[in-house]
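Novice: Sharing a sequence plus its predicted fold:
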Amino acid sequence: MSPLHFSLVPGLVAAAVMLCSLPAQAQERIYRCGNEYTNNAQVAKSRNCTPMEGGNITIVEGTKPAPAARSTTSAAPRNSNDRVDPAAQRARDSDAKAILETELRKAQERLAQARKEYANGEPEKQGIESRNYQRYLDRVAELKAAVTRAENDVAGLQRELGRLPAASGNAAR
């Protein structure tokens with residue numbers, strides 16, 4: 001080592017000795033009052049709290065839940081100022097219908113693709129599946145599950161379309 005390194009070592013040793021010789025700060029006595037904790041002896045005495053025994057403890061206070069906002073819509077009758085403009089509501093319904101119809105078309109395409117891949121439970125074997133029949137069975141089960149999910153998606157979207165107001169056009173296909 002160079003002489004520079006040896007000159008740093010005594011300084012580091014001295015710093016380490018000083019840090020070790022500092023008095024450790026003792027934690028105040030902690031009292032448990034039911035589900036609450038305190039380090040105030042007077043409060044603990046007035047509330048009949050029990051002192052905590054053992055090593056140091058750390059208590060992290062959680063966030064307090066925000067008070068629920070009062071809902072005035074269900075308690076008070078609605079007046080004409082609270083109503084949505086009928087034209088705006090029709091526009092919202094029309095937008096919702098267009099979005100649902102787009103999603104329904106996509107879901108129907110996914111269903112058609114899943115059914116094609118499933119091939120009525122007899123898809124073509126791929127690669128190693130000709131030697132490993134269990135792998136083939138696993139893939140067939142996954143394909144069947146994909147078909148079922150796609151069918152459920154289509155049915156759910158059709159239900160949602162059926163719930164839209166009939167005034168905005170034909171409800172479901």
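Specialist: Nice, I can see it.
Novice: helices or strands up against the longest helix anywhere in the chain?
Specialist: Criterion DSSP state H: the longest helix present in the chain is helix 86-118. Contact partners of helix 86-118 among helices and strands, from 3 or more C-beta pairs under 8 Å, 6 or more residues apart in numbering; DSSP states H and E: helix 133-163. All C-beta atoms are positioned from the backbone trio N, CA, C, and that covers glycine.
Novice: separation between residue 58 and residue 123?
Specialist: Here residue 58 is placed at a distance of 58 Å from residue 123 (C-beta to C-beta, to the nearest Å).
Novice: which one of these two has more residues nearby?
Specialist: residue 123 (15 against 5; other C-beta atoms under 10 Å).
Novice: Help me confirm that that one comes into contact with residue 142.
Specialist: No - with contact defined as C-beta atoms under 8 Å, residue 123 does not reach residue 142; the gap is 10.4 Å.
Novice: Any stretches of this protein with poor pLDDT?
Specialist: 1-27, 55-57, 59, 69-81, 167-173 (pLDDT under 70).
Novice: Assign a three-state SS to residue 84, would you?
Specialist: Applying DSSP: H, G, I helix; E, B strand; the rest coil to residue 84 yields a three-state assignment of coil.
Novice: Grab the CA positions of stretch 102-121 and hand them over as CSV.
Specialist: Extracted C-alpha coordinates of stretch 102-121, given in CSV (Å, rounded to 0.1, in the frame of the first residue of the first chain):
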residue,chain,number,x,y,z
THR,A,102,-67.3,-2.0,-31.3
GLU,A,103,-66.3,-4.1,-28.3
LEU,A,104,-69.0,-6.7,-29.3
ARG,A,105,-67.6,-6.9,-32.8
LYS,A,106,-64.0,-7.4,-31.4
ALA,A,107,-65.3,-10.0,-29.0
GLN,A,108,-67.1,-11.9,-31.8
GLU,A,109,-63.9,-11.9,-33.8
ARG,A,110,-61.9,-13.3,-30.9
LEU,A,111,-64.6,-15.9,-30.4
ALA,A,112,-64.5,-16.9,-34.1
GLN,A,113,-60.6,-17.2,-33.9
ALA,A,114,-60.8,-19.2,-30.7
ARG,A,115,-63.3,-21.6,-32.2
LYS,A,116,-61.2,-22.0,-35.3
GLU,A,117,-58.1,-22.8,-33.2
TYR,A,118,-60.1,-25.2,-31.0
ALA,A,119,-61.5,-27.0,-34.1
ASN,A,120,-64.3,-28.8,-32.1
GLY,A,121,-61.8,-30.2,-29.6
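Novice: starting at the chain centroid, how far to that stretch?
Specialist: Put simply, stretch 102-121 sits 29 Å off its chain's centre (C-alpha atoms, centre = their mean, to the nearest Å).
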